[in-house]
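**Student:** Please work out how this folds:
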Amino acid sequence: MTLLDTTPDTNVDSASGAPTGVPTSAAARHGGTVATPGLRIERLGPAFGAIVHGVDLAQVDDAIAFDLRRALLAHKVLFFRGQDAFDDDAQVRLGNLLGELTTGHPVASTHERKEIYSIDSSDPEFSFSDEWHTDVTFMKEPPAISILRAVTLPDYGGDTSWADAQAAYDSLSEPFRGLVDQLIAAHDGNREWGAYLRKHGGQEWNGKVVTELPVVEHPVVRVHPETGRRGLFVNPGFTSHVVGVSQAESRAILDALYAHLTQPEHTIRHRWAPGDVGIWDNRATSHYANRDYVDANLGPRAMRRVTVGGDKPVGVNGLTGGAAA
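**Tutor:** Below is the predicted model:
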């Protein structure tokens, strides 16, 4: 692993520093990055993942936040060590510098601050995340960015893995890419959160109180709104089926995509330490939290997450989903 400044392979506006649209042809599918000259970056793999050195997240200003967003486009998952001063207030502040924060969760109410979702294994109603998922894809506009910090950690275990949905799409065969480019999938939050919602009611999300979780539809392949790169946008946690095909065809397509997405070449794994913070692009990744510490009685695991609001996923040639029938 080496420390470096990422080099630009995408079209970047010299005034704003933001990508101007679809990346140049080679980068459109394969590994385009965005320059982040203000940060010291240690890459964790050839495709994605990086440790950012020398940044105190509790003291981030607008200029550093701008660099962090650019680094996120380049590396998709960023880790920060030794952030002991990064408390609830700092986490909310950073989220608002990176965009506009959502409520912590559309259903669960687990923290006194509405922007924070407390993920605590000692909570009797805790929902484990030991299934590959992308955050909150069962809503019409899933979050763009998630920021997670370690609060309490077990003696061992509780690692989190991420999968690069864009690298996974890139490495599909051309005929299979052609198929999935055309498909829509249904995402259903009731499987995970329906019982909780009926018991406790929901939270405000995008200006409306959540009272039900209607199935929503998103393209199977999402075009990233900032880089133009294509990535798989289905996940075992919330995707119920592919729309417009038989149940057997849907299962075969999704099983093939999940097996491909989670190949070791497309994943990284992070072992949490006190003071660690992870930030990821929810539009380009899926993740999985190990629950191996539970049966081994290695102590609780408590994390706190905030999410930056996103937009309605758009696929190839403007393909979009809607509310499922």
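
**Student:** Asn96: what secondary structure?
**Tutor:** helix (DSSP: H, G, I helix; E, B strand; the rest coil).

**Student:** all numbers from here: first residue = 35
**Tutor:** In the new numbering, first residue 35, that becomes Asn130.

**Student:** The stretch 135-284 of the chain: helices as residue ranges?
**Tutor:** With helices called from DSSP state H, counting those that start in this stretch, the stretch 135-284 of the chain shows them at 199-204, 208-214, 224-234, 281-295.

**Student:** looking at these, which is buried most?
**Tutor:** Ranked by average neighbour count under the criterion mean count of other CB atoms under 10 Å, the helices of the stretch 135-284 of the chain are headed by helix 199-204 at a mean of 25. All C-beta spots, glycine's among them, are computed from the backbone N, C-alpha and C.

**Student:** So which elements touch it?
**Tutor:** strand 264-266, helix 281-295 (3 or more CB pairs under 8 Å, 6 or more residues apart in numbering; DSSP states H and E).

**Student:** switch the cut-off to 10 Å
**Tutor:** Using 3 or more CB pairs under 10 Å, 6 or more residues apart in numbering; DSSP states H and E, the elements in contact with helix 199-204 are helix 59-63, helix 208-214, strand 255-257, strand 264-266, helix 281-295, strand 319-323.

**Student:** Any stretches of the stretch 235-359 of the chain with poor pLDDT?
**Tutor:** 356-359 (pLDDT under 70).

**Student:** roughly how far apart are Gly88 and Val254?
**Tutor:** Distance of Gly88 to Val254, given as CB to CB, to the nearest Å: 39 Å.

**Student:** cool, and Ile218?
**Tutor:** 7 Å.

**Student:** joint contacts of those two?
**Tutor:** Common neighbours of Ile218 and Val254 (criterion: CB atoms under 10 Å, 6 or more residues apart in numbering): 276-277, 349, 353, 355.

**Student:** that older thread, so for Arg317, which of the helices of the stretch 135-284 of the chain sits nearest?
**Tutor:** Among the helices of the stretch 135-284 of the chain, helix 199-204 comes nearest to Arg317, with 8.4 Å by CB to CB.

**Student:** where does that closest one sit relative to the chain's centre, distance-wise?
**Tutor:** 14 Å (CA atoms, centre = their mean, to the nearest Å).
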